[in-house]
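> Dropping the sequence and predicted coords here.
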Amino acid sequence: MPRSENDIAIVGYAISPMLRRTDQTETMMMLPVVAGAIKSAGLTKDDIGFTVSGSCDYLSGQAFSFVSNVDAYGAWPPINESHVEMDGSFALYEAFVRLLQGDIDTALAAGVGKNSNSDPSTLYTIEMDPYYLTPLGADPWSLHALQYRALLDSGKTTERDVAELVARNRASAKENIHAQVSGDYDVDELLAADYIRTPLRRHDLPPITDGCAAVVLARGQKAYELCERPAWITGIDHRIEPHLPTLRDLTTSVSTTQAAKGAGLDAGPVEVAELHAPFSYQELILAESLGLDADTQINPSGGALAANPVMATGLIRIIEAAKQIIENGKRRTLAHTTSGPCLQQNLVAILEGDE
């Protein structure tokens, strides 16, 4: 059915190669991706009404690192630009809200992360709560090992279940040209590997990835002009829980459930769900928290286990969900992204295609 002028859709996108390490700067990585996303929508940079990016100064090792990334958008003539110190999916959320004001009809959202600059097991400790977690040296691997242990002790899953999930994601990633890690994995061999942080093994951890992505949004009739079958964002919401993991039940994700309700998931089933689960077992927590049924295909791209460019991984989940509508003809899909320790903050977007 025809959409109103207040409806907003994804009409173009681009994803960079996913690499273990690149010698390029964030700006150099973003230049061809931003240009590619704009070109895929049949636009030029002068046609973009608003630009917003997501990145992280911790990863870059310098303050205000996003300023140099503005060069990737082409800052002259002057542009309307914003930045979030979060995943590019939250930049997309800001672009979505900006378009609702009605004075522009296109926007660009991007996310970039060069994660090979540092050791993730030590870097993210700096971001932790300075009073309780930082003094403990609570690195993300240890925190997520505690969450995984809580899930195992709850009886909801087993290590074999999770290893089978990893094998499925890595096999699915063979069809994903943007995957960094893919292939056929033997479950018994995975379970025979040594622990990194009990009960986490290497296959349970996300790969270290340098990469970026960009999305073009359009409002109302403009979306139809730019895309044969736009991926309409019919609902989007995000919720947050306490930063301290001990203040919440780690075996479920209340904020994901709340965000899904706010985004309108209850209105009907979804055919595909792209879930931002950088640690293997989290896919099980998210699927249960979302109430996904057995008919929903989860992470056909391989998810974050296939490539994890922090600050772009969530945006890529939205792109993959949009591709299912634009390129594969799906009717309704879901994209999820997370931020913070142990699924602390979660965003859910529902995408739909016209019948």
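Yep, it's here.
> alpha carbons only for contacts and neighbour counts from here, please
Fine.
> How much space separates residue 102 from residue 64?
Distance from residue 102 to residue 64, counting by C-alpha to C-alpha, to the nearest Å: 30 Å.
> what's the burial count for residue 81?
17 (other C-alpha atoms under 10 Å).
> Quick one: the helices in the stretch 251-355 of the chain, in order.
Under the criterion DSSP state H, counting those that start in this stretch, the stretch 251-355 of the chain contains helices at 254-263, 282-290, 313-326.
> what packs against the shortest one?
Same thing as helix 282-290. In terms of contacts (3 or more C-alpha pairs under 8 Å, 6 or more residues apart in numbering; DSSP states H and E), helix 282-290 is packed against helix 254-263.
> And the contacts of the helix it packs on?
234-241, 266, 286, 289-290, 344-350 (C-alpha atoms under 8 Å, 6 or more residues apart in numbering).
> what pLDDT, on average, does that helix get?
Mean pLDDT, computed over helix 254-263, is 98.
> As PDB, could you dump the C-alpha coordinates of it?
Extracted as PDB, the C-alpha positions of helix 254-263 are listed here (Å, rounded to 0.1, in the frame of the first residue of the first chain):
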ATOM      1  CA  VAL A 254      14.400  -7.000  29.600                       C
ATOM      2  CA  SER A 255      15.400  -4.000  27.500                       C
ATOM      3  CA  THR A 256      15.300  -6.100  24.300                       C
ATOM      4  CA  THR A 257      11.800  -7.200  25.100                       C
ATOM      5  CA  GLN A 258      10.700  -3.600  25.900                       C
ATOM      6  CA  ALA A 259      12.400  -2.200  22.700                       C
ATOM      7  CA  ALA A 260      10.700  -4.900  20.600                       C
ATOM      8  CA  LYS A 261       7.300  -4.000  22.000                       C
ATOM      9  CA  GLY A 262       8.000  -0.300  21.400                       C
ATOM     10  CA  ALA A 263       9.000  -1.100  17.800                       C
END
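> Buried residues of it, list them for me.
Buried residues in helix 254-263, counted by 16 or more other C-alpha atoms under 10 Å: 254, 255, 256, 257, 258, 259, 260, 261, 262, 263.
> Okay, and residue 218 sits in which element?
If you go by DSSP states H and E, residue 218 is part of strand 210-219.
> now that strand and helix 313-326, what's the angle there?
50 degrees (axes from the mean of the first three to the mean of the last three C-alpha atoms, to 10 degrees).
> Please state the offset of strand 210-219 from the chain centre?
Its chain's C-alpha centre and that of strand 210-219 lie 11 Å apart, by C-alpha atoms, centre = their mean, to the nearest Å.
> what do you get for stretch 165-177?
With C-alpha atoms, centre = their mean, you get 17 Å for stretch 165-177.
> picking that back up, between the buried residues of helix 254-263, which is closest to residue 203?
residue 256 (24.3 Å; C-alpha to C-alpha).
> how close does the closest residue to residue 244 other than its chain neighbours get to residue 171?
Closest residue to residue 244 apart from its sequence neighbours, by C-alpha to C-alpha, 6 or more residues apart in numbering: residue 129 at 7.5 Å. Distance of residue 129 to residue 171, given as C-alpha to C-alpha: 37 Å.
> Who has more neighbours out of those two?
More neighbours surround residue 171 than the other of residue 129 and residue 171, with 20 against 13 (other C-alpha under 10 Å).
> Report the separation between the more buried one and residue 192.
Residue 171 sits 19 Å away from residue 192, going by C-alpha to C-alpha.
> same question, residue 307
23 Å.
> Looking at these two, which one has more neighbours?
residue 307 (29 against 9).
> check contacts around the more buried one.
18, 178, 179, 180, 181, 206, 207, 208, 209, 313.
> same thing with residue 66?
53, 55, 56, 57, 83.
> Just give the closest residue to the most centrally placed residue in the chain, not the sequence neighbours.
Against the mean C-alpha coordinate of the chain, by C-alpha atoms, centre = their mean, the closest residue is residue 314 at 0.8 Å. Distance criterion C-alpha to C-alpha, 6+ apart; nearest residue to residue 314, sequence neighbours excluded, is residue 337 at 4.6 Å.
> one step back: buried subset of the contacts of residue 307 as a PyMOL selection?
Applying 16+ other C-alpha under 10 Å to those, the buried members can be selected in PyMOL as follows:
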select buried, resi 18+178+179+180+181+206+207+208+209+313
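> Just put the contacts of residue 307 in TSV and tack on secondary structure, distance to residue 298 and pLDDT.
Output for those, formatted as TSV (DSSP: H, G, I helix; E, B strand; the rest coil; distance: C-alpha to C-alpha, whole Å; pLDDT from 0 to 100):
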residue	secondary structure	distance to residue 298	pLDDT
18	coil	21	97
178	coil	17	95
179	coil	16	96
180	coil	18	97
181	coil	17	96
206	coil	17	94
207	coil	19	95
208	coil	22	94
209	coil	21	95
313	helix	16	97
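> which SSE is residue 165 in?
Element membership for residue 165, per DSSP H and E: helix 159-172.
> likewise residue 151?
Per DSSP H and E, residue 151 falls inside helix 140-153.
> That helix versus helix 159-172: what angle between them?
Using the same axes, to 10 degrees: helix 140-153 against helix 159-172 is 120 degrees.
> Flag every buried residue along helix 140-153.
Buried positions in helix 140-153, judged by neighbour count with 16+ other C-alpha under 10 Å: 140, 141, 142, 143, 144, 145, 146, 147, 148, 149, 151, 152.
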